[in-house]
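[1] no sequence for this one, just the structure:
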């Protein structure tokens, strides 16, 4: 699997670490997000992801640099990556 990188402020790796089907139209995906350094980073990533239509929950973990996302099956990986990319800390 090819590594992908997010320019600012996070580095994103491993397109999908885990994909678990929860029901007919729900999925859980886990992503590695390198570069979260504080609780504000975690909150910004979670908010950006939960603002997407179809994302039910997003839980980022500062210690493991992972984010666990529960979503509808029709949300693309590209949309999730873009949501993480859109996080700009001011």
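    Here it is on my side, so go on. The structure presented is a predicted model; accordingly, all values stated were derived computationally and were not measured.
[2] Does residue 33 lie in a helix or a strand, and which?
    strand 26-34 (DSSP states H and E).
[3] what about that strand, average pLDDT?
    Strand 26-34 comes out with an average pLDDT of 84.
[4] how close does residue 82 get to residue 76?
    Note on residue 82: its distance to residue 76, by Cβ to Cβ, to the nearest Å, is 9 Å. Glycine gets a C-beta too; all of them are placed from N, C-alpha and C.
[5] Sorry, wrong one. I was asking about residue 42.
    Residue 42 sits 23 Å away from residue 76, taking Cβ to Cβ as the criterion.
[6] neighbour count winner among the two?
    residue 42 (19 against 12; other Cβ atoms under 10 Å).
[7] Give me the nearest residue to the more buried one, chain neighbours excluded.
    residue 60 (4.3 Å; Cβ to Cβ, 6 or more residues apart in numbering).
[8] partner residues bridging the one you found?
    residue 67 (DSSP bridges).
[9] Which of the three states applies to the residue of the chain most remote from its centre?
    Ranked by distance from the centre of the chain (Cα atoms, centre = their mean), the top residue is residue 24, with 21.4 Å. Under DSSP: H, G, I helix; E, B strand; the rest coil, residue 24 falls in the coil class.
[10] got a list of what residue 68 touches?
    Neighbour list for residue 68: 28-30, 57-59, 61 [criterion: Cβ atoms under 8 Å, 6 or more residues apart in numbering].
[11] For the strand holding residue 33, name the packing helices and strands.
    With contacts defined as 3 or more Cβ pairs under 8 Å, 6 or more residues apart in numbering; DSSP states H and E, strand 26-34 has these neighbours: strand 11-21, strand 66-72, helix 77-85.
[12] For whatever helix or strand comes next after that strand, list every residue counted as buried.
    Note on strand 26-34: by DSSP H and E, the next helix or strand toward the C-terminus is helix 39-50. Neighbour counts over helix 39-50 (16 or more other Cβ atoms under 10 Å) mark 41-42, 44-46, 48-50 as buried.
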